[in-house]
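1. Just need the structure, nothing else, for what follows:
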Amino acid sequence: MRPKLIPVVLLLLGSFVILYRDVILKLGYDWSTDDNYSHGFLIVPLAVYLAWERRDRLKDLPVRPSNIWGSLFVAGSLLVLIAGLLGAELFLTRIAMIGTLIGGILFVLGWQHLKVLAFPVAVLLLMIPIPAIIFNQIVFPLQLLASRVGETSLAAVGIPVLREGNIIILANTTLEVAEACSGIRSLVSLLTLAIVYGYFTDNRAWIRILVALSAIPVAIVANGFRVAGTGIAAHYYGSAAAEGFFHTFSGWLVFVVAFMMLFAVIRMLRWVAPGAPLAPSQSVSVA
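-> Presented below is the predicted three-dimensional model:
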């Protein structure tokens, strides 16, 4: 970074932290208390690393501040922040942080720098929890889908089963596929992992997009098998087998299996469409 820009950047960062202090603290609290978004602690260091990875490209770019657009982005973000605070909508206040960051980059450095930093900035969106109204619309269909996959899998291995909505009825017990078992947690985490994994394993945009999209069916199938495994354990060993250690362990095991499926997807894509190996220095030149 050019020495004359350091005081300006530090001033803007200080103003940013002061302005969004409460928003940042509440976001950190949500990461620490909501298992669906515990990966949020890793996103900021990851974005910083991705920005640092582009340091050579940024150093060679001319500084051409776009004061008008930068001011517009910051002003618009502040309006969104105010709307979020007045309406007690956390999602808006958090999105306003990203908008303010974009505005600051434009105001100090310009469009060319923003283009290079577009991916690190976009990665920051992964740390923001989905709005509750959207989250609730996603969770229940996932519960039904996991229940359906579990029912089909149990029937396939010869276990008598009846499903009513998200309730799986076995001969000796009844299982409820609750919100925590819907797979939303593994879906959010696996989607984040897929985006990062795709970025570091292939430099073709379409491969990265397919890897990210594949996280959705992979998470759904893996969670359906978890429900089926819980049903099998409950059928042979009683309802106690579906609780406690087994339930927790199966969650971790399913995530490992899902990651292996994700690994298989990218291996298959690279086999179908071979590309040049991604060298360590190569990732620096990817926008």
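2. in the stretch 151-287 of the chain, which spans are strands?
-> According to DSSP state E, counting those that start in this stretch, the stretch 151-287 of the chain carries its strands in the segments 162-164, 167-169, 174-176.
3. got those strands as JSON lines, with distance to E151 columns?
-> No exception for glycine: its C-beta is placed from N, CA and C like everyone else's. Putting those into JSON lines (distance: least, Cβ to Cβ, whole Å) gives the following:
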{"stretch": "strand 162-164", "distance to E151": "4"}
{"stretch": "strand 167-169", "distance to E151": "6"}
{"stretch": "strand 174-176", "distance to E151": "10"}
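4. Turn the ones you listed into CSV, columns for distance to L124, mean pLDDT and mean neighbour count.
-> As requested, those are exported to CSV (distance: least, Cβ to Cβ, whole Å; pLDDT from 0 to 100; neighbours: other Cβ atoms under 10 Å):
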stretch, distance to L124, mean pLDDT, mean neighbour count
strand 162-164, 40, 82, 13
strand 167-169, 39, 82, 17
strand 174-176, 36, 77, 16
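5. quick one, which of those is nearest to A155?
-> A155 lies closest, by Cβ to Cβ, to one member of the strands of the stretch 151-287 of the chain: strand 162-164, at 9.5 Å.
6. Any chance you could list what contacts the closest one?
-> Strand 162-164 is touched from outside by S147, R148, G150, E151, I168, I169, with contacts defined as Cβ atoms under 8 Å, 6 or more residues apart in numbering.
7. Wait, the fourth one touches I168, no?
-> Yes. With contact defined as Cβ atoms under 8 Å, E151 reaches I168; the gap is 6.1 Å.
8. Now do the domain split for this protein, please.
-> Residue ranges for the domains of the chain, per automatic domain parsing: 3-129, 133-285.
9. For V257, the count of nearby residues, please.
-> Counted by other Cβ atoms under 10 Å, the residues lying close to V257 total 16.
10. was I right about it contacting F225?
-> Yes. Under the criterion of Cβ under 8 Å, V257 lies in contact with F225, with a separation of 7.5 Å.
11. Which stretches in the stretch 1-150 of the chain count as helices?
-> Counting by DSSP state H, counting those that start in this stretch, the stretch 1-150 of the chain has these helices, from start to end: 6-19, 21-33, 40-53, 55-60, 67-86, 90-108, 111-116, 118-123, 132-156.
12. Could you tell me the least trusted of the domains of the chain?
-> Of all the domains of the chain, mean pLDDT reaches its minimum on domain 133-285 (a mean of 77).
13. Export the helices of the stretch 1-150 of the chain to TSV and append columns for mean neighbour count.
-> Written out in TSV, the entries for those read as follows (neighbours: other Cβ atoms under 10 Å):
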stretch	mean neighbour count
helix 6-19	12
helix 21-33	14
helix 40-53	16
helix 55-60	12
helix 67-86	16
helix 90-108	21
helix 111-116	17
helix 118-123	16
helix 132-156	17
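14. and of these, who's closest to D202?
-> In this view, the helices of the stretch 1-150 of the chain are compared for proximity to D202 by Cβ to Cβ, and helix 118-123 is the closest at 14.0 Å.
15. what's the closest one in contact with?
-> Residues from elsewhere that reach helix 118-123, judged by Cβ under 8 Å, 6+ apart: 43, 46-48, 50-51, 54, 98, 101-102, 105, 114, 195-196, 199, 286-287.
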